[in-house]
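Trainee: Pasting the sequence and the predicted model now:
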Amino acid sequence: MADTSDTRDPAQIEADIRRRREVLAETLDEIGVRVHPKTIVGDAKAKVVANVDHTLGRAYVQVNRVVSDVRAQFVDEEGAPRLERVVPVALVAVGVVGLLVLGTRRRRR
């Protein structure tokens, strides 16, 4: 059987009740803040911003890696252009632009 005897005097019991009410009031305030729509929206926004920042950061790293790889194809270690690779690409680009210009002129006629 459980011991139901209490050795506290009424003042101690009242002080204990007061402390428990204060703790309960703080807990209810915290719950109220957590379930408030503004808090929920703010938390959701923060998660979205964090995810976007993370995604953009990863995209930046990927793009930077691709640009570095492409640059390495057309520039040597000293920074000088690799003419054996630059010239053919430039000729192809000029050819494509020329074909686009010719195609545009033919459509206008």
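Mentor: Thanks, I have it.
Trainee: Could you list the domains of the chain?
Mentor: Taking automatic domain parsing as the criterion, the chain consists of the domains 12-74, 83-109.
Trainee: Least reliable of those domains by average pLDDT, please.
Mentor: Note on the domains of the chain: lowest mean pLDDT is at domain 83-109, with a mean of 89.
Trainee: picking that back up, okay if I get the domains of the chain as TSV plus mean neighbour count and distance to Asp6?
Mentor: From N, CA and C alone the C-beta is placed, and that goes for glycine too. Formatted as TSV, these follow (neighbours: other CB atoms under 10 Å; distance: least, CB to CB, whole Å):
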stretch	mean neighbour count	distance to Asp6
domain 12-74	10	8
domain 83-109	10	91
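Trainee: what kind of secondary structure is Glu84 in?
Mentor: helix (DSSP: H, G, I helix; E, B strand; the rest coil).
Trainee: Distance check, it against Thr104.
Mentor: With the distance defined as CB to CB, to the nearest Å, Glu84 ends up 32 Å from Thr104.
Trainee: again, but for Leu91
Mentor: Distance from Leu91 to Thr104, by CB to CB: 21 Å.
Trainee: Over to Gly57?
Mentor: Taking CB to CB, one finds Gly57 at 40 Å from Thr104.
Trainee: what about the helices in the protein?
Mentor: Using DSSP state H, the helices of the chain run over 10-35, 37-74, 83-108.
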